[in-house]
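Q: 3D model of this:
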Amino acid sequence: MNILNREKFLALPPGVLFCKYEPCVFGPLCIKDTNCDENDFFYLDIANAVDVNSTEDFLDQMTEAKDKGVSVRTNFDCVSRDGLFDNDQLFAVWESEDVLGLIKKLMASLGVNRLCLHLPM
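A: Next up is the predicted model:
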């Protein structure tokens, strides 16, 4: 994992796995999407990737999930704009080895053998 300043982070391509970082504190795990101007970017917040059409729809789905055990739909194609323009913001950017380690853990949670994906140890 590398800790980068905003300028270096914005220079990275879409698809980078990252967390916002302040000394010793990591934010939510996200995937960088495209930059939307010279000092801003779009991203996918993995934990909040709920498939909704509006705030009302979000609240309804969360209530149904909590009260009735209804499954919440996910959408990993919907991105948000950062829009904070904090030039002092740091980013913890995951390296390939880190991402592979996470993939292995996720696949294990599904009971999938790593050999199916030909992932390195």
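Q: From residue 46, how far out is the spatially most central residue of the chain?
A: Central residue of the chain (C-alpha atoms, centre = their mean): residue 30, 1.9 Å from the mean position. Noted for residue 30: a distance of 6 Å to residue 46, by C-beta to C-beta, to the nearest Å. All C-beta atoms are positioned from the backbone trio N, CA, C, and that covers glycine.
Q: What of residue 111?
A: Per C-beta to C-beta, residue 111 is found 21 Å from residue 46.
Q: which non-adjacent residue is nearest the residue nearest to the centre of the chain?
A: residue 43 (4.6 Å; C-beta to C-beta, 6 or more residues apart in numbering).
Q: how about the one you found, secondary structure?
A: Assigned by DSSP: H, G, I helix; E, B strand; the rest coil, the conformation of residue 43 is strand.
Q: you'd agree it is up against residue 31?
A: Yes: counting by C-beta atoms under 8 Å, residue 31 is a contact partner of residue 43 at 6.4 Å.
Q: and for those two, which residues touch both?
A: Taking C-beta atoms under 8 Å, 6 or more residues apart in numbering as the contact rule, residue 43 and residue 31 both touch residue 18.
Q: Run through the bridge partners of the residue nearest to residue 30.
A: Going by DSSP bridges, residue 43 is paired in beta bridges with residue 32, residue 80.
Q: State the distance from it to residue 64.
A: According to C-beta to C-beta, residue 43 and residue 64 sit 27 Å apart.
Q: Of these two, which one has the most company?
A: More crowded of residue 43 and residue 64, by other C-beta atoms under 10 Å: residue 43, with 19 against 13.
Q: For the more buried one, give me its contacts.
A: Contacts of residue 43 (C-beta under 8 Å, 6+ apart): 18, 30-33, 79-80, 82.
Q: repeat for residue 41
A: By C-beta under 8 Å, 6+ apart, the contact set of residue 41 is 9-10, 32-35, 81-82.
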